[in-house]
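# Kindly return the folded structure for what I paste below:
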Amino acid sequence: MRFSANGREDFPAVGDWVSFIFCGVDFAIINEVLPRYSIIKRKAVGKNSEVQIIGTNIDFALIMQSANRDFNINRLERYLTLCNSSKISPIILLTKTDLISKEELSVLSGEIKQRIENVPFIAISNETESGYKELKQVLKSGKTYCMLGSSGVGKSTLLNHLSGKNIMKTKAISASSDRGRHVSSHRELTVLDNGSILIDNPGMREVGIADSSNGLDTTYDKIADFAKQCRFKDCNHDNDTGCAVIEAVENGEIEKSYYQNYLKLFKESAHFESSVQEKRKKDKDFGKMLKNYKKIQKRNKD
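Modelled structure (predicted):
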């Protein structure tokens, strides 16, 4: 497996099914990673042209943001783009709702539903278990769910509650910052009693966009609809002549902050793609140089 892999993406990741051979009682060698039906990935931290696999063979993503200080609608759209580019169905979980008033919860819920349509949304509290009944109804036997979110939003606590076991370590909310604390340092797959599978992930400080053009069109479907009316097919919707998207923003048909976040993610995706193409060209040029060098070496020996 180690010698046949073409890159990091070929190595086993959480969620993979593999074939293996036992070598002793507690040791096995993986021969093959079986075909994946979905892969959720992000741009590797600190790398311009590499990706990091978050999980594979995932059916649903539980995108978690806390209601007190972590909430950020733009970051929520980042997670949605990762899911949509991987054809993974997203479910938004607003956590720690016990830390805000009913009025504040109503405002946040309204903001999410107005900006993000056609995505299931559940408000929960790990302290009071409010929303748990609704959440358990969406966890189906045989389906795999991946929890995504920043550190301290309650992923590990939720896993412990749903499994009825202390599988992952948790820490109390910091009294000084009113925030959860980073606990998980690895990915773990757990099978719940009802047969659903839950993957806990370490908190993500960076949600880098990688090759997500299709995901952007799904996340920003309003922009995609107006884009069909643009004068030019290759319109970037940024100071372009005859752009129907810009016109819709100016007319108030598209929210300005929604449009601005789209542009930011679009540029990130384009930059990543150009970095990948540049790396491929360098690798190809290096391969040619190596091939020519070997020819010269062989000629000199003859």
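# going forward, measure contacts and count neighbours with C-alpha atoms only.
OK.
# how is this structure carved up into domains?
Domain assignment for the chain by automatic domain parsing gives 37-200, 220-292.
# List the contacts of stretch 61-79.
80, 83, 88-97, 99-100, 105, 108, 112, 145-150, 153-155, 178-179, 207, 209, 219, 261, 265 (Cα atoms under 8 Å, 6 or more residues apart in numbering).
# try stretch 121-140
Outside stretch 121-140, the residues touching it (Cα under 8 Å, 6+ apart) are 91-98, 113, 145, 154, 157-158, 161, 194-196.
# So in the chain, where's the weakest helix or strand by average pLDDT?
When the helices and strands of the chain are scored by mean pLDDT, DSSP states H and E, helix 256-301 comes last with a mean of 73.
# Show me how to select, in ChimeraX, the buried members of the contacts of stretch 61-79.
ChimeraX command restricting the contacts of stretch 61-79 to the buried ones, with burial defined by 16 or more other Cα atoms under 10 Å:
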select :80,83,88,89,90,91,92,93,94,95,96,97,99,105,108,112,145,146,147,148,149,150,153,154,155,179,207,209,219,261,265
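# Do a quick rundown of the strands in the stretch 101-250 of the chain.
Listed in chain order, the strands of the stretch 101-250 of the chain (DSSP state E, counting those that start in this stretch) span 121-123, 144-149, 188-191, 197-200.
# As JSON lines, those with mean pLDDT and distance to Leu76 would be great.
JSON lines is the format used below for the strands of the stretch 101-250 of the chain (pLDDT from 0 to 100; distance: least, Cα to Cα, whole Å):
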{"stretch": "strand 121-123", "mean pLDDT": "97", "distance to Leu76": "12"}
{"stretch": "strand 144-149", "mean pLDDT": "94", "distance to Leu76": "9"}
{"stretch": "strand 188-191", "mean pLDDT": "89", "distance to Leu76": "23"}
{"stretch": "strand 197-200", "mean pLDDT": "93", "distance to Leu76": "18"}
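# quick one: which of those strands is nearest Asn251?
Among the strands of the stretch 101-250 of the chain, strand 121-123 comes nearest to Asn251, with 29.0 Å by Cα to Cα.
# The closest one pairs with which strands, and in what direction?
According to DSSP bridges, strand 121-123 forms sheet pairs with strand 89-95 (parallel).
# between the strand it pairs with and strand 144-149, how many degrees?
Strand 89-95 and strand 144-149 are oriented at 50 degrees to each other (axes from the mean of the first three to the mean of the last three Cα atoms, to 10 degrees).
# wait, Lys155 sits on Met147?
Yes: counting by Cα atoms under 8 Å, Lys155 touches Met147, with 6.7 Å between them.
# which neighbours do the two share?
Contact with both Lys155 and Met147 is made by residues 64, 200-201, according to Cα under 8 Å, 6+ apart.
# closest to Ala248 among these?
For these, the nearest to Ala248 is Met64 (30.8 Å; Cα to Cα).
# so is the closest one in a helix, a strand, or just coil?
Assigned by DSSP: H, G, I helix; E, B strand; the rest coil, the conformation of Met64 is strand.
# From Leu76, how far out is it?
For Met64, the distance to Leu76 equals 9 Å [Cα to Cα, to the nearest Å].
# doesn't Gln52 fall inside a helix?
No: looking at Gln52 with three-state DSSP, it is strand, so not inside a helix.
# shouldn't it be in contact with Ala13?
No: using Cα under 8 Å, Gln52 is not in contact with Ala13; the gap is 9.9 Å.
# Do a quick rundown of the helices in the protein.
For the chain, the helices defined by DSSP state H cover 73-85, 102-115, 132-138, 155-163, 213-219, 221-227, 244-250, 256-301.
# Comparing the ones you listed, which comes out most buried?
helix 73-85 (a mean of 22; mean count of other Cα atoms under 10 Å).
# Not counting sequence-adjacent ones, nearest residue to Ala224?
Among residues not flanking Ala224 along the chain, Asp217 sits closest, at 5.5 Å (Cα to Cα, 6 or more residues apart in numbering).
# do you know how far that neighbour is from Ala44?
22 Å.
# go on, Ile116?
From Ile116 to Ala44 the distance is 26 Å (Cα to Cα).
# And these two? Which one has more around it.
Applying other Cα atoms under 10 Å to Ile116 and Ala44 shows that Ile116 carries more neighbours, namely 20 against 17.
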